[in-house]
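*Asks:* Let me see the structure of the following:
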Amino acid sequence: MKDLQQDTWRVFQIMAEFVEGFEELSNITPSVSIFGSARFTPDNPYYILSEQIARELSEAGFSIVTGGGPGTMEAANKGAYEGKSQSIGLNINLPNEQKSNQYQDISLNFKHFFVRKVMLIKYASAYVVLPGGFGTLDELGEVITLVQTHKNKPVPIILVDSAFWQGLINWFKETLVAHKTIEAEDLDLITIVDKPRDVIETIFNFYENKKANIGIS
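*Replies:* Numbering: from 1, shown residues only. Next up is the predicted model:
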């Protein structure tokens, strides 16, 4: 009975996290969610690249959403914080790696990973994925799956740094497509770029083409 009471209370906690997230994030569009490793230090090239990308996106009018922690997340929040659009951090407590960074205009705290992941994905106009580890791969897989299965609207999925990601893409082609566990055209959901300006151009080109395809001028 005690376990049931705890589970029931946990349901209400989860509902409260969803409600708070929906209320805070539903008005921040357009926004871009940026993913990447929490382990990069400020002198790491990927940290610097993340900061540059976020600043340029912020200046272009996109709010930036990250997981709110160190590394790539801190860099992206910092870049957005120094730009003209909002910097949003969706924080979660982890024993070793997660500590909220200081560059957040809006800061939300989550106890449940899956609620936080929904918030990172739900309102984004694009997903930008920098190099990372298992957590980043998990987020990338979730994003691709939701778009591939039409559970989420089609938006740009942008991988940054071709040298880092090309081996994974080759494996997708040579193994997943070969075994027909995915279709070759599923790979068209992904764009690989190397420069901050390429990220912005990919996003704008995607939406310009989308407007043209539905006859909006």
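
*Asks:* now L120: how far from F204?
*Replies:* 22 Å (CB to CB, to the nearest Å). Placement of C-beta: from N, CA and C, glycine included.

*Asks:* Which one's more surrounded, the two?
*Replies:* Set L120 next to F204 and count neighbours by other CB atoms under 10 Å: L120 wins out with 25 against 13.

*Asks:* my guess is the more buried one contacts G67, does it?
*Replies:* Yes. Applying CB atoms under 8 Å, one finds L120 in contact with G67, separated by 6.7 Å.

*Asks:* Identify the contacts common to the two.
*Replies:* Taking CB atoms under 8 Å, 6 or more residues apart in numbering as the contact rule, L120 and G67 both touch F35, L90.

*Asks:* Which residue is the nearest non-sequential neighbour of G36?
*Replies:* T72 (2.8 Å; CB to CB, 6 or more residues apart in numbering).

*Asks:* mind listing what that neighbour touches?
*Replies:* I34, F35, G36, S37, A38, F40, Y46, Y47, S50, T66, L130, G132.

*Asks:* Poorly predicted segments of the protein, please.
*Replies:* Applying pLDDT under 70 to the chain flags residues 1-5, 94-98, 211-217.

*Asks:* what about the longest helix in it?
*Replies:* As assigned by DSSP state H, the longest helix anywhere in the chain is helix 2-25.

*Asks:* Which strands and helices lie in contact with that one?
*Replies:* Using 3 or more CB pairs under 8 Å, 6 or more residues apart in numbering; DSSP states H and E, the elements in contact with helix 2-25 are strand 106-110, helix 113-122.

*Asks:* what separates the next helix or strand after it from the chain centre, distance-wise?
*Replies:* Reading on from helix 2-25 to the C-terminus, the next helix or strand found by DSSP states H and E is strand 31-35. In terms of CA atoms, centre = their mean, to the nearest Å, the centre of strand 31-35 is found 4 Å from the chain centre.
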